[in-house]
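S.K.: Fold the stuff below for me.
(one chain, ligands or ions: 1)
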Amino acid sequence: MYCTRKVNDDYTWVGADGRRLAMFEGVFDVPNGISFNSYLLRDEKTVLFDTSDAAVRRTFRENLLHALEGRSLDYVVVHHMEPDHTAELEELVLRFPEVQIYCSAMAKTMMTQFFGPGFQERIHVVKEGDTLCTGRHTLRFIAAPMVHWPEVLMTYDETDRLLLTADAFGCFGALNGRLFADEVDFDRDYLDEARRYYTNIVGKYGSQVQAVLKKAAELDIAMLLPLHGFVWRKELGYLLHKYDLWSRYEPEERGVLIAYASVYGNTENAANILACRLSERGVRVQMFDTSVTPTSYILSAAFRYSHLVFAATTYNAGVFITMEELLHDIAAHDLQNRRVVLLENGSWAPASGKGMQKILQPLKGWQQMEDTFTIRSALREDQTMQLERLAATLAADVQAAAPAEEKPEGQHRYVCKVCGYVYEGDSLPEDYKCPLCGAGAEYFKQES
Ligand SMILES: Cc1cc2nc3c(=O)[nH]c(=O)nc-3n(C[C@H](O)[C@H](O)[C@H](O)COP(=O)(O)O)c2cc1C
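M.R.: Residues are numbered from 1 along each chain as shown. Model prediction:
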């Protein structure tokens, strides 16, 4: 039986939740599932935006037929050729022999590669700025190359002011009946998975995401409709602000990620002590054991925090395997502008410090704060003082916020917890609305 949701009067969500995928894209675990979104526009013409993954084909087909209400399907817009969005194209063409496909030139090439030459005569190649009128609606195509494949298009519906964003602005996690981000406590329950999704799938292409954000800033957008995760119809500034930070590789928070690789617990012990001393100084710390944590979670935390600590045993004259994999993954995602501390352990010839430096040194804007801290098998008593000093240096660096600018007497700073906007004044008006994301006064936290 169909299970659709209305986006607005003319758009219907005809996607589906996938909850049984062991691995999304063959590498990312999705313990809370993932949605495969597809949207149908009913105007004088009917337009389907992307299809779905094979895993949810039955639900997708029922939803589409229900939403069409017996009408035929006139157009399919293919924003992105990845098979989790195009698996149903062949079926659609069989079921709707008249359907016309709109996509970028590169998507047309990929379509032949994936499905053979059969679609060619029904494909209309569109590019940046081209429009398609469907009756009351005018659709304008926007190129979004490498967000995260080269053929990607987005569509701006000029009539309803919707931006269909392909894989951008998506999130891991099934929708579980909700469609809109404002139907959940996004910041509490989904931000981590939105960050893990962005950093692992799109994170490498920061400059291309910046280019899309510049184009989006020119548009009057009422809603964002991504291919995974929630539709955004309120406080868009919150997510746009996160995308701006992540794509400029700016940390979201001043805090410390500690990732360690330890076989018998001695390197882990040093990492624990460092975490205790930092926490005693009020520094926010998040710790991961690389042997048991999938890299995608640690990569996401590396985008989140300003300071990164990597502690690893030497392993056959190199860096311990899982730490080496993590660092290569971080390097492959082009993460920049981080302050880093390295701890190494070796029982006869410690070498993991050098090995970690070799991977991290070429990264833009990375600075190793102190000499590598070396442990020989297990931490010695006198080294605990050294670790204490390292924690103090690190904590001071983390907390060295921007110099508090001179503020006239009685002036206070109020920070929007949703998008980070700062209001300064002697008091915050009760009916104040955040100019960036629209959040009310109750979302503001007095900072000083
Ligand atoms: C399989 C294996 C290979 C190792 N290879 C080296 C090595 O090449 N050089 C070295 O100095 N220590 C080597 N070590 C010792 C570790 O670097 C480390 O000193 C020891 O495992 C204690 O740290 P841990 O309790 O955190 O594992 C090796 C350890 C293991 C288990």
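
S.K.: rest of the way, CA atoms for contacts and neighbours
M.R.: Noted.

S.K.: next SSE after the worst-scoring helix or strand of the chain on mean pLDDT?
M.R.: Every helix and strand of the chain was ranked by mean pLDDT, DSSP states H and E. The lowest is strand 422-425, at a mean of 69. Once strand 422-425 ends, the next helix or strand along the chain (criterion: DSSP states H and E) is strand 444-446.

S.K.: Other residues contacting whichever helix in the chain runs longest?
M.R.: As assigned by DSSP state H, the longest helix anywhere in the chain is helix 381-399. Helix 381-399 has contacts (CA atoms under 8 Å, 6 or more residues apart in numbering) with Arg254, Gly255, Val256, Ile273, Leu274, Arg277, Leu278, Arg281, Val283, Ser306, His307, Glu370.

S.K.: Spit out the contact partners of the first one.
M.R.: For Arg254, the contact set (CA under 8 Å, 6+ apart) comprises Arg284, Tyr305, Ser306, His307, Val398, Gln399.

S.K.: again, but for the fourth one
M.R.: Ile273 makes contact with Leu387, according to CA under 8 Å, 6+ apart.

S.K.: Tell me if it really is in a helix.
M.R.: Yes. With DSSP: H, G, I helix; E, B strand; the rest coil as the criterion, Ile273 is part of a helix.

S.K.: what pLDDT does it get?
M.R.: Per-residue pLDDT puts Ile273 at 98.

S.K.: Repeat that for the last one.
M.R.: pLDDT recorded at Glu370 is 92.

S.K.: With the third one instead?
M.R.: With respect to pLDDT, Val256 scores 98.

S.K.: Is it correct that it is in contact with Arg284?
M.R.: Yes. Counting by CA atoms under 8 Å, Val256 touches Arg284, with 6.2 Å between them.

S.K.: The two: which is more packed in?
M.R.: Val256 (28 against 17; other CA atoms under 10 Å).

S.K.: Specify the local secondary structure of that one.
M.R.: Val256 is classified as strand under three-state DSSP.

S.K.: same thing with Gln210?
M.R.: Quick answer, by three-state DSSP: Gln210 is helix.

S.K.: where's it relative to the ligand, distance?
M.R.: Counting by CA to the nearest ligand atom, to the nearest Å, the gap from Gln210 to the ligand is 41 Å.

S.K.: And for Ala395?
M.R.: Here Ala395 is placed at a distance of 24 Å from the ligand (CA to the nearest ligand atom).

S.K.: Give me the pLDDT for that residue.
M.R.: 96.

S.K.: Burial check on it, number of neighbours?
M.R.: Ala395, neighbours per other CA under 10 Å, totals 23.

S.K.: buried ones in stretch 110-124?
M.R.: For stretch 110-124, burial by neighbour count (16 or more other CA atoms under 10 Å) applies to Met111, Phe119, Ile123.

S.K.: Cross-check the contact I'm expecting between Ala87 and Ser52.
M.R.: Yes. With contact defined as CA under 8 Å, Ala87 reaches Ser52; the gap is 6.0 Å.
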